[in-house]
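A.B. asks: what follows is a predicted structure for the sequence shown.
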Amino acid sequence: MTFRTIDDMPDIAGKRVLVRADLNVPMADGVVGDATRLSAAVPTLAALADRGAIVLVLSHFGRPKGDDRSATLRPVAAALSDVLGRPVTFIEDCVGPAATAGIAALQAGDIAVLENTRFHDGEKSNDPAFVAALAANGDFYVNDAFSTAHRAHASTEGLAHVLPSFAGRSMQAELVALERALGKPEHPVAAVVGGAKVSSKLDVLTHLVTRVDHLMIGGGMANTFLAARGIDVGKSLCEHELGDTVRDILARAEAAGCTVHLPYDVVVAKEFAAHAPSRTCNVHEVAADEMILDLGTSAVEALADALKTCRTVVWNGPLGAFEIPPFDTATVALARIAAALTQSGGLLSVAGGGDTVAALNHAGVADDFTYVSTAGGAFLEWMEGKALPGVEALQRG
């Protein structure tokens, strides 16, 4: 994977640099609930401003429809200023006279947030006229939003074709980590895949069995795999109709030399509630009125033993109902083992996806993994082996 980074940019003093960041943060009553994405943009924005560029930040925010202007980036610009620790100007539009006038008033080293790109229909349709209007405001383009790279929109893909384009610090770190994890990984490679439904990750599983040495299945997905092997999973969450599909994935794994790890002991309860009475049993001993809510101790130990033989792990999804104790035990235990192996230098660990980030934070080990991606859809599509338009455009640019 070859792409240019901001270190490859020529002299940018006084030049206008359009930076596609992801400022789509949770907000309530004008207050940002989680500033993680704002913090991720800081290294790129600060580096460009320190080099004397006029830094113009592009982003979408929410899903505005029609004339709805409630999804304005104005309060986000103020929050970004707080995170950056330097002034951030807000400009009323991203194209047109308001944008032109606002940008003309900026000086070298200034940073400004332009209004929500999705206020214009041309953003999502990647309309060439809108791309040209955006491009007229800049001399260079930097994409620093991997989380939106799976969308071929004007500000995420179109601009890379009409301006000299580069990857920002956050994008660069993400692409390097993903390349090391699945592009050209050091084997043996393990993939931990959890979550509720097999149907939501069919493409992920089909792709991974041809790329990894160990596929570790957890969450509600494991129930569907167990059922496909003829095991009665009681009233557990299970997609019984996917039996043939699961058996096909298992056959593909066997043909590719990939070992699929399913639990042989599980934690069951009769109700899905915090601290509900539970027991650990063999998967063949699940009662008709019980549901599987976590992996058992022996299953976690077996996964840990396999993980200790690996050099790379990619993690997406929890192993159990981690939001509700005590059904977080397996996820926390294996996450801490992966983190310890990473810290000892024996394992490269890359994780991503909303529930995964929450689970690793819950386990207290997110900072101990090699790389944790906050991207949702883009990370999942990368695990599916799909080309991401925003990344492809950078490689061409």
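C.D. replies: Looks like it came in fine. Predicted model, so just to flag it, every value in this text is computed and none were measured.
A.B. asks: give the buried residues for stretch 17-37.
C.D. replies: Going by neighbour count (16 or more other C-beta atoms under 10 Å), the buried part of stretch 17-37 is 17-25, 27, 32, 35, 37. C-beta: built from backbone N, CA, C; applies to glycine.
A.B. asks: downstream neighbour of the helix or strand of the chain with the lowest mean pLDDT in the secondary structure list?
C.D. replies: Counting by mean pLDDT, DSSP states H and E, the chain has its least confident helix or strand at strand 27-28, which shows a mean of 84. Using DSSP states H and E, the helix or strand that follows strand 27-28 towards the C-terminus is strand 31-32.
A.B. asks: list the contacts of that next one.
C.D. replies: Under the contact criterion C-beta atoms under 8 Å, 6 or more residues apart in numbering, strand 31-32 has outside partners Val25, Pro26, Leu38, Pro75, Val76, Ala79.
A.B. asks: so, low pLDDT: which residues of the chain?
C.D. replies: For the chain, the stretches with pLDDT under 70 are 1, 67, 396-397.
A.B. asks: number of residues surrounding Tyr141?
C.D. replies: In terms of burial, Tyr141 registers 26 neighbours under the definition other C-beta atoms under 10 Å.
A.B. asks: before we move on, the earlier item: and the buried residues of stretch 17-37, which of them are in strands?
C.D. replies: Val17, Leu18, Val19, Arg20, Met27, Val32 (DSSP state E).
A.B. asks: now for these, which pair is the farthest apart?
C.D. replies: Pairwise distances across these (C-beta to C-beta) peak at 25.9 Å, for the pair Val17 and Met27.
A.B. asks: quick one: the strands in the stretch 1-150 of the chain?
C.D. replies: With strands called from DSSP state E, counting those that start in this stretch, the stretch 1-150 of the chain shows them at 16-20, 27-28, 31-32, 54-58, 89-91, 111-114, 140-143.
A.B. asks: how about those strands, which one is nearest Val365?
C.D. replies: Ranking the strands of the stretch 1-150 of the chain by distance to Val365, with C-beta to C-beta as the measure, places strand 31-32 first at 25.0 Å.
A.B. asks: and Trp315, that's in a strand?
C.D. replies: Yes: under DSSP: H, G, I helix; E, B strand; the rest coil, Trp315 sits within a strand.
A.B. asks: reformat the contacts of strand 31-32 as CSV; add distance to Thr245.
C.D. replies: CSV is the format used below for the contacts of strand 31-32 (distance: C-beta to C-beta, whole Å):
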residue, distance to Thr245
Val25, 37
Pro26, 35
Leu38, 40
Pro75, 45
Val76, 42
Ala79, 44
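A.B. asks: nearest to Ala287, of those residues?
C.D. replies: The closest of the contacts of strand 31-32, once distances to Ala287 are taken by C-beta to C-beta, is Pro26, at 40.4 Å.
A.B. asks: in what helix or strand does the residue nearest to Leu237 when sequence neighbours are not counted lie?
C.D. replies: Of all residues beyond its chain neighbours, the one nearest Leu237 is Gly220 (4.0 Å), with distances taken as C-beta to C-beta, 6 or more residues apart in numbering. Assessed by DSSP H and E, Gly220 sits inside helix 219-228.
A.B. asks: residues touching the residue nearest to Leu237, list them.
C.D. replies: With contacts taken as C-beta under 8 Å, 6+ apart, Gly220 has the following neighbours: Gly195, Ala196, Lys197, Ser236, Leu237, Cys238.
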